[in-house]
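Q: Sequence unavailable; structure follows:
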């Protein structure tokens, strides 16, 4: 029997209804429920723009995600080589950033296509009898944590490079698409931003990073997944940014020290980057996310793999 969501006569399926529930105004949901799929695809984005410079914080966000043991071992033990950061760093980076662009800037059709593609890859990621912890990449609780890290990362980037006033309850509700674009039911997303804070703090407090996963994460900090010439040339800069973007409680759990000179360089970098960013036109501010969204749509149209 097929487990695919049933397409209803009005052209909106379970995923699209979940996304529609993030709408802040009471008139929006009934309007969306009556739309055809083509009309849904034509809807403009209802979230804040993704700033391309936030990609610099990507490695730090990956470390946050993998700090949860079941997620960390799921990635560490995965036999899906096509998604292995250390074997295919460019491809892995592209698919991760493309996911963010689709989840935050894409249409329901884009998100559904990407969810199916990710689902096929996740189907192969399961723990074995020898795994230190049990995991299943389809577990919505694990995917909720990944989505929570991505949303938390968006908030941090708004504080550094954007306008903190944009961190609103409405923006938080839109953040649910980071989970529903995976297999997280809408109702699992904490109901309010205050509920999210409770979930976040309790989860972070419970995290313990064992030596195996810590060493794996340190190899990300040191950019060892990149070519040797990269590590020699700018590895120190990559490490500085990764440590800088990591929240303090994660640095403590990793046993990382943010040296005073590193903090000064990090703060100066952010001030200069912000000054440049506010003067750029929107297409340049959103690069490479806007390009990756266009690439994803091209891949969908031409039947090419998304992940």
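A: Sure, I can see it. Predicted model, so just to flag it, every value in this text is computed and none were measured.
Q: where does the stretch 151-300 of the chain dip in pLDDT?
A: Along the stretch 151-300 of the chain, the model assigns pLDDT under 70 to no residue.
Q: what ranges do the strands span in it?
A: Per DSSP state E, counting those that start in this stretch, the stretch 151-300 of the chain carries no strands over any range.
Q: Break down it into its helices, ranges please.
A: Taking DSSP state H, counting those that start in this stretch, the helices of the stretch 151-300 of the chain run over residues 169-174, 177-180, 193-206, 211-221, 228-245, 248-254, 260-277, 282-286, 289-302.
Q: export these to TSV and tack on mean neighbour count and distance to residue 139?
A: C-betas here are computed from N, CA, C, even on glycine. Conversion of these to TSV gives the following (neighbours: other C-beta atoms under 10 Å; distance: least, C-beta to C-beta, whole Å):
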stretch	mean neighbour count	distance to residue 139
helix 169-174	18	23
helix 177-180	25	12
helix 193-206	13	14
helix 211-221	17	17
helix 228-245	16	27
helix 248-254	15	22
helix 260-277	13	35
helix 282-286	14	32
helix 289-302	16	25
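Q: Compare the ones you listed and give me the one nearest residue 55.
A: Closest approach to residue 55 among those (C-beta to C-beta): helix 289-302, 7.9 Å.
Q: rewinding a little: could the helices of the stretch 151-300 of the chain go into CSV alongside distance to residue 56?
A: What follows is those, written out as CSV (distance: least, C-beta to C-beta, whole Å):
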stretch, distance to residue 56
helix 169-174, 21
helix 177-180, 19
helix 193-206, 22
helix 211-221, 14
helix 228-245, 6
helix 248-254, 16
helix 260-277, 8
helix 282-286, 14
helix 289-302, 13
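Q: Can you say which of these is nearest to residue 60?
A: helix 228-245 (3.7 Å).
Q: contact partners of that closest one?
A: Helix 228-245 is contacted from outside by 56-57, 59-61, 63, 156, 220-224, 226, 251, 256, 258, 262-263, 265-266, 269, using C-beta atoms under 8 Å, 6 or more residues apart in numbering.
Q: Endpoints of stretch 174-185, how far apart?
A: 14 Å (C-alpha to C-alpha, to the nearest Å).
Q: cool, stretch 160-172 as well?
A: Note: stretch 160-172 ends 17 Å apart using C-alpha to C-alpha.
Q: Quick one: residues in contact with that stretch.
A: 24, 47-48, 51, 53-54, 151, 155, 158-159, 192-193, 196, 270, 273-274, 277.
Q: excluding its backbone neighbours, what's nearest residue 179?
A: Leaving aside its chain neighbours, residue 179 sits nearest to residue 147 (3.6 Å; criterion: C-beta to C-beta, 6 or more residues apart in numbering).
Q: so what's the one you found up against?
A: Residue 147 neighbours (C-beta under 8 Å, 6+ apart): 175, 178-179, 182, 184, 189.
Q: again with residue 136
A: Neighbours of residue 136 in contact, by C-beta under 8 Å, 6+ apart: 125-127, 142.
Q: Dig out what it forms beta bridges with.
A: On the basis of DSSP bridges, residue 136 is bridged to residue 126.
Q: so what pLDDT did it get?
A: Residue 136 is assigned a predicted lDDT (pLDDT) of 88.
Q: What separation do you get for it and residue 244?
A: 33 Å (C-beta to C-beta, to the nearest Å).
Q: for residue 76, same thing?
A: Distance, residue 76 to residue 244, by C-beta to C-beta: 24 Å.
Q: One more: residue 112?
A: Taking C-beta to C-beta, one finds residue 112 at 36 Å from residue 244.
Q: same question, residue 295
A: On the measure of C-beta to C-beta, residue 295 and residue 244 end up 29 Å apart.
Q: Over to residue 151?
A: For residue 151, the distance to residue 244 (C-beta to C-beta) stands at 20 Å.
Q: so what's the backbone phi/psi at residue 278?
A: phi -70, psi -20 (degrees, to the nearest 10).
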